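Participant: how does the following fold in three dimensions:
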Amino acid sequence: MANRKKEVKQMSKVYGYVRVSSTDQNEGRQMIAMTNRYVPKVNIYVDKQSGKDFNRPMYRKLVRRLKPNDLLYIKSIDRLGRNYEEIITQWRILTKEKKVDIVVIDMPLLDTRTGKDLMGTFIADLVLQLLSFISENERKTIKQRQREGIEAAKQRGVRFGRPEKPLPENFEQLYIRWLAKEISATEIAQQCNFTTATFYNKIKKMTSAPS
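Facilitator: Sure thing, here's the model as predicted:
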């Protein structure tokens, strides 16, 4: 029996999961953390997508590859999901269904290799739920502040998005000819160097603007 346990232990592997919220973000900090834990580079799975959903190819590939007694490193708990419920769900899948150990590098208390007795499991679960809740609320707070900042900027007259193309000086004459069906919307759009949809949008703004 002892030899069997030793064999299983020897077969276990070490993995790392890295996620950044977009392709513009750099995963360097998380990769350094994995290297410092001696995670083999070939066993580090990286997703450069948001946590909006869990249709992330590398994460799914990692979960399929994990075997009982494997060890998974993540930099922080929010790498597992976008909200409290998702983080808890993924934690349960990894630890209960896949039966792997997880180490959250930024939170030493979340190390399933230690405290495997009832009290240790209870403390780890309590810390996990607390951190997941805090992580979700931080995300909501940031989004709320962003919305408030954008709204405040709009009230100050700040415009977002691409600047509108200025209308040519003869646009009013072209519009009158269009009303008289002397010229098509497509021809006007070509002359003004914008799309037909933009032409109709300009017309809509002109006709709805207060006199």
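Participant: can you tell me the closest non-neighbouring residue to Trp91?
Facilitator: Leu128 (6.0 Å; Cβ to Cβ, 6 or more residues apart in numbering). All C-beta spots, glycine's among them, are computed from the backbone N, C-alpha and C.
Participant: which SSE is immediately downstream of the strand or helix carrying the one you found?
Facilitator: Remark: Leu128 resides in helix 118-155, with elements defined by DSSP states H and E. Following helix 118-155 in sequence order, the next helix or strand is helix 171-179 (DSSP H and E).
Participant: for the very next helix or strand once past that next one, name the packing helices and strands.
Facilitator: Elements were assigned by DSSP H and E; along the chain past helix 171-179, the next helix or strand is helix 185-192. Secondary-structure packing of helix 185-192 (3 or more Cβ pairs under 8 Å, 6 or more residues apart in numbering; DSSP states H and E): helix 171-179, helix 196-208.
Participant: okay, now the sheet partners of the longest strand along the chain, with direction.
Facilitator: Longest strand of the chain, by residue count under DSSP state E: strand 14-20. Using DSSP bridges, the strands paired with strand 14-20 in its sheet are strand 44-48 (parallel), strand 71-74 (parallel).
Participant: quick one: contacts of the shortest one?
Facilitator: So the one you mean is strand 71-74. 12-17, 33-34, 37, 39, 62, 66, 80, 94, 100-105, 113 (Cβ atoms under 8 Å, 6 or more residues apart in numbering).
Participant: quick one: buried ones out of the residues you listed?
Facilitator: Buried by 16 or more other Cβ atoms under 10 Å: 14-17, 33-34, 39, 62, 66, 80, 94, 100-105, out of those.
Participant: tell me which of these fall in helices.
Facilitator: When DSSP state H is applied, the buried ones among the contacts of strand 71-74 are split such that 33-34, 62 fall in helices.
Participant: can you put those in a markdown table and add distance to Gln155 and pLDDT?
Facilitator: Below are these laid out as a markdown table (distance: Cβ to Cβ, whole Å; pLDDT from 0 to 100):
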| residue | distance to Gln155 | pLDDT |
| --- | --- | --- |
| Ala33 | 42 | 94 |
| Met34 | 45 | 96 |
| Leu62 | 46 | 96 |
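Participant: and the residues you listed as TSV, adding distance to Lys48?
Facilitator: Below are those laid out as TSV (distance: Cβ to Cβ, whole Å):
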residue	distance to Lys48
Ala33	17
Met34	15
Leu62	14
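Participant: closest one of those residues to Lys143?
Facilitator: Ala33 (26.1 Å; Cβ to Cβ).
Participant: any idea how far the closest one is from Tyr73?
Facilitator: As judged by Cβ to Cβ, to the nearest Å, Ala33 and Tyr73 stand 8 Å apart.
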